[in-house]
Structures are given as structure tokens and as C-alpha cells.
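**Student:** Predicted model, plus sequence, below.
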Amino acid sequence: MRTLEFRDRLLKIKLLAMDVDGTLTNRSVYYSNRGEELKRFNVHDGMGITLLHQSGIQTLIISSDPSDIPTRRVEKLGVTYQIIGAKRKFLKLQNLLQEIGIAPEEVAYIGDDVNDLEVIDYVGFSAAPKDATETVRNKVDYVLDYEAGGGAVRQLCELILLAQDKPIILEYKE
């Protein structure tokens, strides 16, 4: 399995940072008759994020979209950190990591387009959905088997958990 070559790097991951449009969504924007913007998210991706949290791995969404749609999804999933409306994701991520005491090599990132390239070069492990731009697919460490908004984030979550020998099973605490 190709992930074995990345196992040492995945073992170090303490934070999964995710772009929103084109990774957690399918890159489409829908508009209602009233002009409301709508985006589609995948529940399997959401469960992957829940499994990371359960294993003590923190999460971050970092989006250039200034709307409140990513914020609502973050709140529902309990994502640890959020950076919304970031023009230059790299600088915002760098500042956050300094603030929370996490090294770049302890971060995995999933992105899909050219505005993610600086972050891809900065982090310890990078991935992209299979339908990311060619430029990004050629730059990341790992191209996932699933498309944006269709399980790509979930696959990356499972790769991290498997590398760290953590369970991919939901533990209920009542």
C-alpha cells in the first residue's frame, strides 16, 4: 500500500487542516429562489472529522469564503479551529500554529486549488481530492481516491487514524 511510505509523517499529525470549497464541498454553489447561497457537504466526511476528534486529533477549516456557511458546518461538527474569509491561507495558518504550539510537520492539509499551494508546501503531509486541479494533484503528497465533497476528507481521516493505530469506530459515551 502506497500509504506505508508516508506512515512516519502521518504518525506526527496532531491537526488536520481543511479547505472548504472543493474539499468538504463538491465545488458547486447553489442559489435558492430568494438568492440564498447553498453548499452541499458529505456526512461521511463529517464522521471522519468526528473520528479524528475522538482520537485526540484537532481539526481546522480554513476558507477564503467569507460567508457563514462554513461557520455553520464547523459548529455542527465541533471543528476545533476555523479561519474564515482568509485571502492568504498560509499566513493565517502560520499565525494559528504559532499561537497553539503545533509545528508545521504536525499538520496534514487537504486542498484542491492554486490558493492552497503555499499551505501544501508548508505542512507535514498534504492531500487532494481526485478531482482537484492538475497543478495541485501534481504537488501534493497523496491524491485521494474520492472526489471533493464525496468522501475525500473521510479517506484522509482514515489514513491518519490507520497510520497512528487508532480505531476507526465510533465510541459512544453516555
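**Tutor:** Thanks, I have it.

**Student:** What mean pLDDT does the strand ranked longest in the chain get?
**Tutor:** Ordering each strand of the chain by length in residues (DSSP state E) puts strand 58-63 first. Averaged across strand 58-63, the pLDDT comes to 95.

**Student:** Could you list every helix and strand in contact with it?
**Tutor:** strand 15-18, helix 43-54, helix 69-77, strand 81-84, helix 89-100 (3 or more C-beta pairs under 8 Å, 6 or more residues apart in numbering; DSSP states H and E). Every residue, glycine included, has its C-beta placed from N, CA and C.

**Student:** Outside of the third one itself, list whatever touches it.
**Tutor:** The one in question is helix 69-77. The set of residues that contact helix 69-77 without belonging to it, under C-beta atoms under 8 Å, 6 or more residues apart in numbering, is 20, 24, 37-39, 41, 46, 49-50, 59, 61, 63, 79, 82, 84.

**Student:** mind listing what's buried in that helix?
**Tutor:** Neighbour counts using 16 or more other C-beta atoms under 10 Å place 69-71, 73-74, 77 of helix 69-77 among the buried residues.

**Student:** Wait, A163 touches L11, no?
**Tutor:** Yes - taking C-beta atoms under 8 Å as the contact criterion, A163 and L11 are neighbours in contact, 5.7 Å apart.
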